[in-house]
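Peer 1: Structure for the following, please:
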Amino acid sequence: MPYITIAQLELAYGAREVLQLSDKDGLKVRNDARVQDAIDRAAAEIDLALARCYVLPLVMSDGSPLTTTVLMMLREWNARGARFLLSDDARQGGGIVGNQAPTEAHSRYFQSRKQLDALDPTKAGGCVLLPGVMLLDTTVDAARNGSDVIFGDSGRVFGRPDDIDEQRFE
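Peer 2: Numbering: from 1, shown residues only. Next comes the predicted model:
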């Protein structure tokens with residue numbers, strides 16, 4: 001789920017930059033579909049990282065809406081990701097001179113990725129990036145609500161009967 005709108009992305013980085021990054025065709029018009037796609041892709045990356053530790057959609061542990069601090073962090077990550085993806089798309093489409101996204105967009109994006117990658121439930125303190133947000137209970141058995149897939153071994157399903165004559169297959 002996206003954490004920012006196109007208007008919020010423009011507020012963060014300027015309408016001119018968003019227009020330039022989204023206008024692959026040189027029409028001098030912001031391509032809303034391209035911008036929204038970058039926002040959605042960046043939000044998907046965030047959700048994939050958050051899903052390792054947090055119940056999605058995010059809510060506070062007491063069930064209340066997200067705090068301003070948490071929302072600001074999510075919006076910042078989403079904006080950085082969308083800007084980087086737009087920069088990279090524009091570079092590939094010839095909208096930016098050079099062979100990589102601008103250094104600032106690149107470094108901000110990878111700072112955010114480092115923070116998201118720190119969400120590793122196997123490491124001590126790995127799931128405390130968003131204080132107060134409802135964590136997944138990783139200690140509960142997978143069958144807690146009957147809707148999870150459980151893998152197990154129920155014995156051999158496929159195989160050869162022992163009485164097949166090996167000579168037939170030569």
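Peer 1: so what's Ala38 up against?
Peer 2: When contacts are counted by Cβ atoms under 8 Å, 6 or more residues apart in numbering, Ala38 is found next to 22, 81-83, 85-86, 89. Where C-beta positions appear, they are placed from N, C-alpha and C, glycine not excepted.
Peer 1: From these, which land in helices?
Peer 2: When the contacts of Ala38 are checked against helices (DSSP state H), the matches are 22, 81-83, 85-86, 89.
Peer 1: biggest separation within the residues you listed, which pair?
Peer 2: Ser22 and Gly81 (14.8 Å; Cβ to Cβ).
Peer 1: Local confidence estimate at Asp88?
Peer 2: pLDDT recorded at Asp88 is 82.
Peer 1: Next: Val133.
Peer 2: Listed pLDDT for Val133 reads 85.
Peer 1: what's it in contact with, if anything?
Peer 2: Contact partners of Val133, counting by Cβ under 8 Å, 6+ apart, are 54, 58-61, 66, 70.
Peer 1: do that again at 6 Å, thanks
Peer 2: For Val133, the contact set (Cβ atoms under 6 Å, 6 or more residues apart in numbering) comprises 54, 58.
Peer 1: Relative to Val29, how far out is Asp117?
Peer 2: Relative to Val29, Asp117 is positioned 36 Å away (Cβ to Cβ, to the nearest Å).
Peer 1: Excluding sequence neighbours, find me the nearest residue to the residue most central in space within the chain.
Peer 2: The residue lying closest to the centre of the chain (Cα atoms, centre = their mean) is Glu45, at 1.2 Å. Nearest residue to Glu45, sequence neighbours excluded (Cβ to Cβ, 6 or more residues apart in numbering): Gly81, at 5.9 Å.
Peer 1: Same check on Val55?
Peer 2: Nearest residue to Val55, sequence neighbours excluded (Cβ to Cβ, 6+ apart): Met134, at 4.7 Å.
Peer 1: Can you tell me how far Ala15 is from Asp47?
Peer 2: Distance, Ala15 to Asp47, by Cβ to Cβ: 27 Å.
Peer 1: ok, the two, which is more surrounded?
Peer 2: With neighbours defined as other Cβ atoms under 10 Å, Ala15 and Asp47 compare such that Asp47 has more, 18 against 13.
Peer 1: Quick check: mean pLDDT of whatever helix or strand that one lives in?
Peer 2: Assessed by DSSP states H and E, Asp47 sits inside helix 32-50. Per-residue pLDDT values across helix 32-50 average out to 96.
Peer 1: what do you get for stretch 75-85?
Peer 2: In the prediction, stretch 75-85 has an average pLDDT of 96.
Peer 1: Quick one: residues contacting the residue nearest to Val55.
Peer 2: Met134 touches 55, 59, 61, counting by Cβ under 6 Å, 6+ apart.
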